[in-house]
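Q: sequence and computational prediction follow.
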2 protein chains.
Amino acid sequence: MIQQEIPYKIFLTEEELPKQWHNLRAFMKEKPAPFLNPVTKQPATRQELEQVFCKELVDQELNVTDKYIDIPQEIRDFYKMFRPTPVVRAYNLERALGTPAKIYYKFEGQNTSGSHKLNSAAAQVYYAKKQGLTSLTTETGAGQWGTALSMACAFYGLDLTVYMVKVSAQQKPHRKALIETYGGTVIPSPSDTTHVGRKILAENPGTGGSLGCAISEAVETATQTENCRYVLGSVLNHVALHQTIIGMETKAALDKYNIQPDIVIACAGGGSNLAGMISPFMGDRLEGKNNIQFIAVEPASCPTLTRGKFAYDFGDTGKMTPLMQMYTLGSGFMPSASHSGGLRYHGMSPIISKLYHDGYMEARSVEQTKVFEAAVTFARSEGTLPAPESSHAIRVAIDEALKCKETGEEKTILFALSGTGYFDMTAYSAYLDGTMGDFIPTEEDLQKGFASLPDV
Amino acid sequence: MIQQEIPYKIFLTEEELPKQWHNLRAFMKEKPAPFLNPVTKQPATRQELEQVFCKELVDQELNVTDKYIDIPQEIRDFYKMFRPTPVVRAYNLERALGTPAKIYYKFEGQNTSGSHKLNSAAAQVYYAKKQGLTSLTTETGAGQWGTALSMACAFYGLDLTVYMVKVSAQQKPHRKALIETYGGTVIPSPSDTTHVGRKILAENPGTGGSLGCAISEAVETATQTENCRYVLGSVLNHVALHQTIIGMETKAALDKYNIQPDIVIACAGGGSNLAGMISPFMGDRLEGKNNIQFIAVEPASCPTLTRGKFAYDFGDTGKMTPLMQMYTLGSGFMPSASHSGGLRYHGMSPIISKLYHDGYMEARSVEQTKVFEAAVTFARSEGTLPAPESSHAIRVAIDEALKCKETGEEKTILFALSGTGYFDMTAYSAYLDGTMGDFIPTEEDLQKGFASLPDV
């Protein structure tokens, strides 16, 4: 049998666009623990959640039984604007590294509207519109989520207010302008437009903010505005669910050529990109159908999985959200101003946290300068400028490929290239100039964060 | 017969990637006039051209007889990193406009390395490498060409110096950083690193530069460096030839669904994107096989076709290049600092100039604020942030679609979306803030440019 030649890019047709999301929790024997009401410490009720979130999203959030959930035709039509995305064989990176490993990546950066974040934005705004809402609030870190949601709101005709982590808004004025081009209103956070923002500013004057702060502000505004809800770009189960379109497409594309990955790698901030990528592969693993090595990669500056605690915690700094059992550095942890704004979150998807806790996946933390070294190697060989966040996955993919070079193993390595680095040229310049530093929290920094954990 | 449903994006497979470029001049009964040596006023010889350009590119430059020219397999392999690109049906823009017209666009912005400019960069660096050269020089305006060439040089291992129009380097520091990330050296032009640069600076202190100035500097450096040649990102015949991969793919994709455009639209700076898009369609037109309306769109601030003269002129401000017969505003014309750096060139592809002069196509000039109005409409409906340059084509596509809305005609409109607007957020912000102006040269400005035309 002649081995079919693998193209540079494996594309599915629009007809082959998956018709269902993959609900990983239904495959897990031990489910993630339920959210708790922070006051009563009892499981959060559907009614409580619906005060903050859209109804249908709450349904998805609580659904731990259906293995697959249908994607409405309207959302599939939206997806067709930018999906299916290609699975790319990194022939040129392999050659540059001189590795016998076969490297593939799923490239989510071919849209100009928040890369992979659009997968969930398209869904969330659709459900909000269907529910009759007229406006939404959210937070954004690196700005991908804010961009995606702004584009989706423009498409469906909803108003949007984006609380953007202040340090990101300052580092990336052009990202802010892009969100505004799509029609969203951007407020750097913490701001004086909310109670919680004013409180945080009073306690931490001069703070550059964090995703945790921005979430608090967005939740407060949503709950005090008529016909408005809060939407989140990561962490929650329904966001991870929408992102499984990444993994579903990847698996379908690889199956066409009988390719089975040995290692699957993705960066992890809130965990939705990672969960989205690994979901169908992990589902098979949980059913004993493969023995894939899964690696979550996080920045050494915000080492949630590798140095955090598995505990109940708030999703936000203002302690307004339900409590979630997850790996966390504590909602009071203030990450340093690294160049990977999308990974600067104290917590982690409860699904990912549970899988990691139960030993189904590994986690590695990597330093910023090593990440950019990998990013530049990738750009110069594959021609694509990666986002700093995504470059965490590239770093570990290269490390694994170089190990194969030593051992001679021909492993198949798959990673998620979740976005592009167009808005990160300040960071690239700092790397090229040699002025980039690595920020690694001290034990004292971590203890300060852990001190904010609630008693449960 | 049931009409086959047209997908959002028509992709060719990598196998279907065209194997040949389309040499439009071979289809033209009247050819563009030959280049002239500026001193002797005689046709420039192959030997003269080879002092500045790579040999094989000179062959292509002078070839007016072969209708198709083979694309070397190595270049096709390079193309596979980012090609074939999709032809997109703008269903959502059609809906937003309420037009009966069918709008399609060829999207060249899915790579992070100079969008369509990579089509020629891949080819030119390949031939340079094959010839044994070790370094190249070039100019760049908006920065797409410099980015593309830098990436291609990184890939093939050649050194690169990019003279970047000073005003663009200032407006777009991130574009400069991107070129540097791929390994190229960027020098804002005019600079004091060349004789011609120092001369231009002395005569026009404080000038923001122009493509014409940058070309002079790059040519001077190339001719004075061993194993070095100058490469150009537009205007010349061989660049237009490489760009025909755009039109060849587009035609192949549309043919799959029996789609015949009534109107084909592209923006025109130096003309290579336009020539690349229209080439196979125009070839058929010249053979009497269709009656397509072709529209070149240029900025009102640099109205080469609509207000220029058809004359022999230099390609650069320093008057170092051969003379080309083309539409020109005069190499001494200094365009105002508009936000479409890629279209600020005094001349125009001799192929496009000749076709326009002979009545085979139309030209329209559009004002900057109208262009950005179209860009924002496009972004909010189609989800893709267009480059200001490309948005000139969008403006006219929308104008034509709105005419159809009035008349009820169901025309099929095709345009080239040559790149994305990631590095143009300053411009978008100015548009959204209402601080953007339109810059239209006075008759006096034009006369000043025409005064620089040489006697031939």
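A: That came through, no problem.
Q: which residues pair with A:Phe107 across the strands?
A: A:Leu417 (DSSP bridges).
Q: what sits against it?
A: A:9, A:85-88, A:384, A:417 (CB atoms under 8 Å, 6 or more residues apart in numbering or on different chains). (Glycine included, C-beta is placed from N, CA and C.)
Q: list just the nearest of those to chain B.
A: A:Thr384 (5.1 Å; CB to the nearest CB).
Q: so the nearest residue to the closest one once chain neighbours are set aside: helix, strand or coil?
A: In this structure, A:Thr384 finds its nearest non-sequential neighbour in B:Thr112, 5.1 Å apart by CB to CB, 6 or more residues apart in numbering or on different chains. Classification of B:Thr112 by DSSP: H, G, I helix; E, B strand; the rest coil places it in coil.
Q: distance of B:Thr112 relative to A:Ala387?
A: Computed as CB to CB, to the nearest Å, the B:Thr112 to A:Ala387 distance reads 10 Å.
Q: returning to that earlier point: can I get the contacts of A:Phe107 in CSV including pLDDT, secondary structure and neighbour count?
A: Shown next, in CSV, are those (pLDDT from 0 to 100; DSSP: H, G, I helix; E, B strand; the rest coil; neighbours: other CB atoms under 10 Å in any protein chain shown):
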residue, pLDDT, secondary structure, neighbour count
A:Lys9, 95, strand, 20
A:Thr85, 96, coil, 26
A:Pro86, 96, coil, 21
A:Val87, 98, strand, 26
A:Val88, 97, strand, 24
A:Thr384, 95, coil, 24
A:Leu417, 98, strand, 28
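Q: what does the stretch 301-450 of chain A put close to chain B?
A: The stretch 301-450 of chain A has residues A:376, A:379-385, A:420-423, A:425-426, A:428-429, A:432 near chain B, with proximity defined as CB under 8 Å from any CB of the partner chain.
Q: just checking, A:Asp358 touches A:Glu30?
A: Yes - counting by CB atoms under 8 Å, A:Asp358 does reach A:Glu30; the two are 6.4 Å apart.
Q: which parts of the stretch 151-300 of chain A are strands?
A: Per DSSP state E, counting those that start in this stretch, the stretch 151-300 of chain A carries strands over the ranges A:159-165, A:185-189, A:228-230, A:263-267, A:293-299.
Q: what's the lowest-mean-pLDDT helix or strand in chain A packed up against?
A: Across the helices and strands of chain A, mean pLDDT, DSSP states H and E gives its lowest value to helix A:166-171, namely a mean of 87. Counting contacts by 3 or more CB pairs under 8 Å, 6 or more residues apart in numbering or on different chains; DSSP states H and E, helix A:166-171 packs against helix A:173-181, strand A:185-189.
Q: tell me which strands the last one pairs with, and in which orientation.
A: In this case it means strand A:185-189. strand A:159-165 (parallel).
Q: name the residues that touch the partner strand?
A: Taking CB under 8 Å, 6+ apart as the rule, strand A:159-165 contacts A:134-141, A:143, A:146, A:149-150, A:153, A:176, A:179, A:183-189, A:191, A:208-211, A:213-215, A:217-218, A:221, A:341, A:344.
Q: tell me where the model's unsure across chain A.
A: Low-confidence segments of chain A (pLDDT under 70): A:1-4.
Q: domain ranges for it?
A: Per automatic domain parsing, the domain ranges recorded for chain A read A:9-16+A:84-114+A:237-450, A:118-232.
Q: chain center to the shortest one, what's the gap?
A: The chain centre lies 16 Å from the centre of domain A:118-232; the measure is CA atoms, centre = their mean, to the nearest Å.
Q: now do the end-to-end distance for it.
A: In domain A:118-232, first residue to last residue: 12 Å (CA to CA, to the nearest Å).
Q: ok so, going back, I'd like to know how many residues surround the residue nearest to A:Thr384.
A: 26 (other CB atoms under 10 Å in any protein chain shown).
Q: repeat for A:Asp192
A: 9.
Q: need the contact list for the closest residue in space to A:Val297 that isn't next to it in sequence.
A: Among residues not flanking A:Val297 along the chain, A:His392 sits closest, at 4.2 Å (CB to CB, 6+ apart). Neighbouring residues of A:His392 by CB under 8 Å, 6+ apart: A:267, A:297-299, A:340, A:343, A:366, A:371.
Q: mind doing that once more with 6 Å?
A: A:267, A:297, A:366, A:371 (CB atoms under 6 Å, 6 or more residues apart in numbering or on different chains).
Q: wait, isn't the third one in contact with A:Ile394?
A: No - no contact is recorded between A:Val366 and A:Ile394 when judged using CB atoms under 6 Å, the distance being 9.9 Å.
Q: higher neighbour count, the two?
A: A:Ile394 (31 against 24).
Q: count of neighbours near A:Gly359?
A: Count around A:Gly359 with other CB under 10 Å applied: 7.
Q: and it, how far is that from chain B?
A: Counting by CB to the nearest CB, to the nearest Å, the gap from A:Gly359 to chain B is 37 Å.
Q: and A:Gly408, by the same measure?
A: 26 Å.
Q: give me the phi and psi for the closest residue in space to that residue that isn't next to it in sequence.
A: In this structure, A:Gly408 finds its nearest non-sequential neighbour in A:Pro100, 6.2 Å apart by CB to CB, 6+ apart. The phi/psi pair for A:Pro100 (degrees, to the nearest 10) reads phi -80, psi -10.
Q: next one: A:Thr137
A: Torsion angles, degrees, to the nearest 10, at A:Thr137: phi -130, psi 150.
Q: which ones are touching it?
A: A:Thr137 touches A:161, A:218, A:221-222, A:230, counting by CB under 6 Å, 6+ apart.
Q: top of the residues you listed by neighbour count?
A: Most neighbours among these, by other CB under 10 Å: A:Ala218, with 28 neighbours.
Q: how near is the residue nearest to A:Lys130 when sequence neighbours are not counted to chain B?
A: In this structure, A:Lys130 finds its nearest non-sequential neighbour in A:Glu56, 7.1 Å apart by CB to CB, 6+ apart. As for A:Glu56, its distance to chain B is 22 Å (criterion: CB to the nearest CB).
Q: single out the most deeply packed of the strands of the stretch 151-300 of chain A.
A: strand A:263-267 (a mean of 29; mean count of other CB atoms under 10 Å in any protein chain shown).
Q: check which helix or strand covers the residue nearest to A:Val297.
A: A:His392 is part of helix A:388-407 when elements are defined by DSSP states H and E.
Q: and that helix, C-alpha only, in PDB?
A: Coordinates of the C-alpha atoms in helix A:388-407 are reproduced here as PDB (Å, rounded to 0.1, in the frame of the first residue of the first chain):
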ATOM      1  CA  PRO A 388       2.800  34.600  22.600                       C
ATOM      2  CA  GLU A 389       0.100  32.600  24.200                       C
ATOM      3  CA  SER A 390       0.200  30.000  21.500                       C
ATOM      4  CA  SER A 391       3.900  30.000  21.500                       C
ATOM      5  CA  HIS A 392       3.900  28.300  24.900                       C
ATOM      6  CA  ALA A 393       2.600  25.200  23.100                       C
ATOM      7  CA  ILE A 394       5.200  25.700  20.300                       C
ATOM      8  CA  ARG A 395       8.000  25.800  23.000                       C
ATOM      9  CA  VAL A 396       7.000  22.400  24.300                       C
ATOM     10  CA  ALA A 397       6.300  20.900  20.800                       C
ATOM     11  CA  ILE A 398       9.900  21.900  19.900                       C
ATOM     12  CA  ASP A 399      11.300  20.500  23.100                       C
ATOM     13  CA  GLU A 400       9.500  17.200  22.400                       C
ATOM     14  CA  ALA A 401      10.700  17.200  18.800                       C
ATOM     15  CA  LEU A 402      14.300  17.800  19.900                       C
ATOM     16  CA  LYS A 403      14.000  14.900  22.300                       C
ATOM     17  CA  CYS A 404      13.000  12.700  19.400                       C
ATOM     18  CA  LYS A 405      16.000  14.000  17.500                       C
ATOM     19  CA  GLU A 406      18.200  12.600  20.400                       C
ATOM     20  CA  THR A 407      16.300   9.300  20.700                       C
END
